[in-house]
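[1] Got a predicted model here, sequence first, then my questions.
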There are 2 protein chains.
Amino acid sequence: MKNKILLCIADGVGDRPCEVLGWKTPLQYANTPHLDQLAKDGQSGIMDLYQAGTPVGTDLGHMCLFGYDLKDYPGRGPIEAFGESVELLTGDVAFRSNFGTVDEEIKVIDRRAGRIREGTKELAAALSGMQIEDVTILFKEATEHRAVLVLRGPGLSDAITDTDPKIEKVAVKQPEAKDGSEAAKKTARILLEFQKRSHEILSNHPVNKKRVEAGLFPANYILTRGAGSMPDIKKITQQLKFKACCVAEESTVLGVARLAGFSTMTDPSFTGNIDTNIDKKAELAVEALKENDFVALHFKAPDLMGHDNKPKGKVEAIEKFDELLGNVMNRLKNADSGNVIIALAADHSTPCERREHSGDPVPILISGKNIRKDHVEKYDEVSSAAGAICRIRGKDLFYTLLDYLEVTKKEGN
Amino acid sequence: MKNKILLCIADGVGDRPCEVLGWKTPLQYANTPHLDQLAKDGQSGIMDLYQAGTPVGTDLGHMCLFGYDLKDYPGRGPIEAFGESVELLTGDVAFRSNFGTVDEEIKVIDRRAGRIREGTKELAAALSGMQIEDVTILFKEATEHRAVLVLRGPGLSDAITDTDPKIEKVAVKQPEAKDGSEAAKKTARILLEFQKRSHEILSNHPVNKKRVEAGLFPANYILTRGAGSMPDIKKITQQLKFKACCVAEESTVLGVARLAGFSTMTDPSFTGNIDTNIDKKAELAVEALKENDFVALHFKAPDLMGHDNKPKGKVEAIEKFDELLGNVMNRLKNADSGNVIIALAADHSTPCERREHSGDPVPILISGKNIRKDHVEKYDEVSSAAGAICRIRGKDLFYTLLDYLEVTKKEGN
């Protein structure tokens, strides 16, 4: 029977012993019968996403989980662009953007244009497609005041300073070349021209005229940050010829998945927190396994609890993740999706005491009837470390999983 | 007492749980008292030959076992050349070749010249040494219709297409440059000229005239494939100044060993299957240890059983390997060969369910009275993973072993 892979990612799940949990980690403290069953039915290990002792962001962590390296990391702008389904080409320069409100002297009155929620689609459409010199502008609205700006054309660079001053009551910053290259100078010039022209278009746009009439801040200026250029990387699904899907809600995760060539599934009931609709998540994951060889299922809540230094909240989030896995395993019993190999992993540790991502390795496992079985019976940072996988990197886990799909390239003869 | 190394390689021994073995791996299922004794007397671990999740061929697997990297891999032609004891120099381009039979229109009648067995030495001698422009031709017969062709001269390239059409009743393919380089164009031109001249020489050779008279296909054409050029790599034995020998029967393994600067020992009673003469293998290995610092002993049968999806056959092959080790250990008791450290490894996994090489790590161990002893008491994929070596790469194992010989280079001061 054909192998399929379900990779379940508990965002930021790795932790350190917490005093309030009797110096256990949240994973050690939590009651996780389904995760532990998976440990019993397979092999465990620990994983450094990029390298030992180096914290990674959710974006790079997921890039490593999907087979990429730090050298492939395109910066935040391009990942946000993919998150908003803007398909970048090699050489494109992308920026995270805000609709903001400026006064006549181009001073920032509100960085988020009164947290504008409606009309951004029309405003974005009025800017997208603009041509400046030999560069085409792609512009797409995202949630609330957020948007993505892409410059597409020859000879561009991402060595461009942010124009968003990050605070209010000061002037918008001028885009500047970070190095002396012609490409950076050109990109700064194009961006400045875009900001001028877009300011004029936005100021006169009916959506903004109505906002002013209603006493709301007009979304009359595009503030940019996080310039990144799209590197020459291939979609891993095209390169190795397999079908993959990512079930998630966070645009960063969806963005990395799209960059890797995964299709995506999401649902308005996915909140990114502990109250997310796990039943729907399980349903979509099992549905995705019918059509795909590889499915990534993302669960965000443990990371939030780590950032908030809530060890007990993290325990609760982990028990919810366990419930999600139970739901998935139950549905798989009745599904006809080949031999589904389940892997557990995380994109990084987020220790409560640190309130931030850390370089601590994360526990992993690979479970299924044709998987080597070790003696580990529990899924947590310490139990997993004694398993037959030992200690590997994010990219290694991904290629190990792809090898069960028989899509890896044999080297030598 | 001086340390010596005996590295025993069970080809393709790594596997996955098999239903017919009660979901054990063949190594877990097999009765292996000698392998287990070695585990008790040393330290165990698992190994990725090149990197986690990447399957390797027998050739690259052995290159990693003998300290090389993927970047050193010269392609199949050169390894076959070394397998036939043709010593390549940097820049040589080697091809796997067949004696074939063509008609007057240079259409292939038989790709193997009626599986010719006799007279190939004379035919090869009539071609070897030919000079075309500034290139010298080396040509050597191998088993049956097989042969090795080497072009030696300045400015050659291995970016050359195969001339063997792989099927019969079609024309021989013209050698073509795969890229626009002058080196590839020159190589294609030389190869074509060699094929023309050799066709004429072979057609008029007494061996072939007799074959025609006897109603056999004449070996009148040289079909080529698998061009590879010899990279600028050093023989590891010369580089680190130690004496090594490989006891094996497979020409690929013998070829890699020669490339690495090992001497070789083989015997007509080595079959490459389960019926190979293990008593003779043990005898040669122990004899080789007298004169050498490092001896590699190769055993092929587990790989064949994996390719044939025969879990019980693989168990039998493993038990034969265990018997071989018992025989070796027994002989070593009475030999005066220094302190022999025995290591067990494999060149890759060949899981029965996959019928092909996989990227699953292989179990390894290093055993001897001066080797750190861990708590592992059995040699198999899971038990070994709990050992004190943890998880390393093929090259790491080789250098670890050489370090007991004290031939490794100390870095720093």
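    Yep, it's here.

[2] Where does chain A get nearest to chain B, which residue?
    The minimum distance from chain A to chain B, using C-beta to the nearest C-beta, falls at residue A:412 (2.5 Å). Where you see a C-beta, it was placed from the backbone N, CA and C, and this is true even at glycine.

[3] is it true that that residue touches residue B:54?
    No - counting by C-beta atoms under 8 Å, residue A:412 sits too far from residue B:54 to count as a contact (9.9 Å).

[4] Show me which residues of chain A sit near chain B.
    Contact residues, chain A versus chain B (C-beta under 8 Å from any C-beta of the partner chain): A:43, A:369-375, A:386-393, A:396-403, A:406, A:408-413.

[5] out of these, which are buried?
    A:43, A:370-374, A:386-393, A:396-403, A:408, A:410-413 (16 or more other C-beta atoms under 10 Å in any protein chain shown).

[6] out of the residues you listed, which are inside strands?
    Among these, DSSP state E puts A:43, A:390, A:391, A:392, A:393 in strands.

[7] Now do the contacts for the first one.
    The one in question is residue A:43. A:365-367, A:371-374, A:376, A:387-389, B:382, B:385 (C-beta atoms under 8 Å, 6 or more residues apart in numbering or on different chains).

[8] try 6 Å
    Taking C-beta atoms under 6 Å, 6 or more residues apart in numbering or on different chains as the criterion, residue A:43 is in contact with A:366, A:372, A:374, A:387, A:388, A:389.

[9] Show me what the residue lying closest to the last one once chain neighbours are set aside is bridged to.
    Nearest non-adjacent residue to residue A:389, counting by C-beta to C-beta, 6 or more residues apart in numbering or on different chains: residue A:45, 2.7 Å away. As for beta bridges, residue A:45 partners with residue A:364, residue A:390 under DSSP bridges.

[10] Count residues in the vicinity of residue A:45, would you?
    A count of nearby residues for residue A:45, using other C-beta atoms under 10 Å in any protein chain shown, gives 27.

[11] so who does it touch?
    Contacts for residue A:45 (C-beta under 6 Å, 6+ apart) come out as A:364, A:387, A:389, A:390.

[12] And the helices in chain A?
    A:26-29, A:33-40, A:58-65, A:76-83, A:120-127, A:182-203, A:206-213, A:236-240, A:251-259, A:278-291, A:301-307, A:311-333, A:394-405 (DSSP state H).

[13] would CSV of those helices with mean pLDDT and distance to residue B:266 be doable?
    Formatted as CSV, those follow (pLDDT from 0 to 100; distance: least, C-beta to C-beta, whole Å):
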stretch, mean pLDDT, distance to residue B:266
helix A:26-29, 98, 54
helix A:33-40, 98, 46
helix A:58-65, 97, 45
helix A:76-83, 92, 56
helix A:120-127, 97, 72
helix A:182-203, 98, 60
helix A:206-213, 97, 82
helix A:236-240, 97, 38
helix A:251-259, 95, 51
helix A:278-291, 97, 50
helix A:301-307, 97, 58
helix A:311-333, 98, 51
helix A:394-405, 98, 33
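
[14] mind putting these in TSV, distance to residue B:152 included?
    Shown next, in TSV, are these (distance: least, C-beta to C-beta, whole Å):
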stretch	distance to residue B:152
helix A:26-29	62
helix A:33-40	57
helix A:58-65	45
helix A:76-83	49
helix A:120-127	64
helix A:182-203	47
helix A:206-213	75
helix A:236-240	37
helix A:251-259	47
helix A:278-291	54
helix A:301-307	61
helix A:311-333	60
helix A:394-405	38
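
[15] which non-adjacent residue is nearest residue A:119?
    Leaving aside its sequence neighbours, residue A:119 sits nearest to residue A:207 (C-beta to C-beta, 6+ apart; 3.7 Å).

[16] give me every residue that touches that neighbour.
    A:119, A:122, A:123.

[17] cool, residue A:384 as well?
    With contacts taken as C-beta under 6 Å, 6+ apart, residue A:384 has the following neighbours: A:44, A:46, A:363.

[18] mind redoing it with 8 Å?
    Here residue A:384 is in contact with A:39, A:44, A:45, A:46, A:363, A:364, A:365, A:376, A:378 (C-beta under 8 Å, 6+ apart).

[19] swap in residue A:242?
    A:293, A:294, A:402, A:405, A:407.

[20] and the residue of chain A closest to chain B, backbone torsions?
    phi 80, psi -170 (degrees, to the nearest 10).

[21] which residues touch it?
    Contacts of residue A:412 (C-beta under 8 Å, 6+ apart): B:56, B:57, B:58, B:59, B:60, B:61, B:63, B:70, B:73.

[22] possible to save those residues as a markdown table with distance to chain A and neighbour count?
    Below are these laid out as a markdown table (distance: C-beta to the nearest C-beta, whole Å; neighbours: other C-beta atoms under 10 Å in any protein chain shown):
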| residue | distance to chain A | neighbour count |
| --- | --- | --- |
| B:56 | 5 | 27 |
| B:57 | 3 | 20 |
| B:58 | 7 | 24 |
| B:59 | 5 | 27 |
| B:60 | 3 | 28 |
| B:61 | 7 | 30 |
| B:63 | 7 | 29 |
| B:70 | 6 | 15 |
| B:73 | 6 | 24 |
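
[23] now, the most widely separated pair of those residues?
    By the measure C-beta to C-beta, B:58 and B:70 form the most distant pair in those, at 14.5 Å.

[24] In JSON lines, list the ones in strands among the buried ones among the residues of chain A next to chain B along with pLDDT.
    Shown next, in JSON lines, are these (pLDDT from 0 to 100):
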{"residue": "A:43", "pLDDT": "98"}
{"residue": "A:390", "pLDDT": "98"}
{"residue": "A:391", "pLDDT": "98"}
{"residue": "A:392", "pLDDT": "98"}
{"residue": "A:393", "pLDDT": "98"}
